[in-house]
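1. Mind looking at a prediction? Sequence and model below.
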Amino acid sequence: MTDKLVLHEDPRSGNCYKIQLTAALLGLPLERRQYDIMRGDTRTPEFLSKVNSNGRIPVLQVGERFLPESNAACWYLGESTHLVPDSRFERADMLRWMFFEQYNHEPNIATLRFWLVYLGQGNLSPQQREQIMGKRAAGEAALKLMDEHLTGREWFVGASASLADIALFAYTHLAEAGGFSLGDHPAVCRWLDRVRKLPGFVAMDT
Ligand SMILES: N[C@@H](CCC(=O)N[C@@H](CS)C(=O)NCC(=O)O)C(=O)O
């Protein structure tokens with residue numbers, strides 16, 4: 001990879017950590033540029049016009065170009081490496097779990113963590129309060145499905161770690177901060193430990 005890689009991030013974000021972890025596992029140099037999402041740093045006219053018109057981090061800058069969406073950025077780094085399976089079916093299956101992460105997992109588990117840890121229960125809007133129970137049930141369902149899938153398997157897809165494991169590790173290992181109990185999901189706990197032992201693994205800063 002010849003272009004310089006810069007991660008535009010808030011280090012508290014699991015979505016940003018996915019990209020940091022992918023780069024670390026691949027031994028790729030990654031410069032990190034930090035923003036405070038609580039202060040609205042990603043909503044400034046300059047950020048919107050130059051970095052991401054969707055007003056969010058992470059964004060992976062590749063040379064002069066900007067790539068938002070965490071899983072797209074992981075794919076950019078991981079394509080043609082050991083983190084993407086050779087088999088066509090397994091590659092599609094890896095994407096299946098990355099879409100699952102964005103649709104069934106992150107909007108429930110990461111959102112509850114954000115609300116409880118960063119906004120604070122007392123500061124939630126009535127609409128957010130109403131959504132807590134639904135998000136808790138949906139997050140639990142995602143963890144249960146993961147636990148069932150990982151029972152008798154080491155990795156989400158195939159015989160080694162892939163981008164699916166990285167995408168799902170990011171907010172699963174933070175789930176307790178969102179009020180979820182990982183102890184109820186023993187196969188998930190064993191898998192989290194396997195990810196932590198991958199060569200090149202880096203822990204999240206916060
Ligand atoms: N689907 C996106 C989600 C990005 C996202 O929600 N980013 C949050 C932090 S994790 C953010 O930038 N929030 C600030 C804001 O919306 O102003 C991804 O996977 O990258």
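-> Sure thing, it's come through.
2. where do the helices sit along the protein?
-> Using DSSP state H, the helices assigned to the chain run over residues 14-26, 45-50, 70-78, 88-100, 106-113, 126-150, 163-172, 186-196.
3. tell me the most buried of those helices?
-> Mean neighbours per residue, mean count of other C-beta atoms under 10 Å, is largest over the helices of the chain for helix 163-172, with a mean of 27. Every C-beta, even on glycine, is put in place using the N, C-alpha and C of the backbone.
4. ok, residues contacting it?
-> Contacts to helix 163-172, defined as C-beta atoms under 8 Å, 6 or more residues apart in numbering, come from residues 14-15, 17-18, 21-22, 25, 70-71, 74-75, 78, 83-84, 93-98, 101, 105-106, 109-110, 113, 143, 146, 155-157, 182, 188, 191-192, 195, 204.
5. next one: stretch 96-108
-> Under C-beta under 8 Å, 6+ apart, the answer for stretch 96-108 is 14-15, 71, 74, 135-136, 138-139, 141-142, 145-146, 156-157, 163-164, 167-168, 171-172.
6. now it, how far from the centre of its chain.
-> Centroid separation for stretch 96-108 versus its chain: 9 Å, with C-alpha atoms, centre = their mean, to the nearest Å.
7. what's the answer for stretch 44-57, then?
-> For stretch 44-57, the separation from the chain centroid amounts to 20 Å (computed by C-alpha atoms, centre = their mean).
8. Quote the end-to-end distance of that stretch.
-> Counting by C-alpha to C-alpha, to the nearest Å, you get 13 Å between the two ends of stretch 44-57.
9. cool, and stretch 170-177?
-> End-to-end distance of stretch 170-177 (C-alpha to C-alpha): 13 Å.
10. State the phi and psi torsions of Asp205.
-> Dihedral angles of Asp205 (phi, psi; degrees, to the nearest 10) stand at phi -60, psi -40.
11. Leaving aside the residues adjacent along the chain, what's closest to it?
-> Nearest residue to Asp205, sequence neighbours excluded (C-beta to C-beta, 6 or more residues apart in numbering): Pro11, at 4.4 Å.
12. Nothing else from me, thank you.
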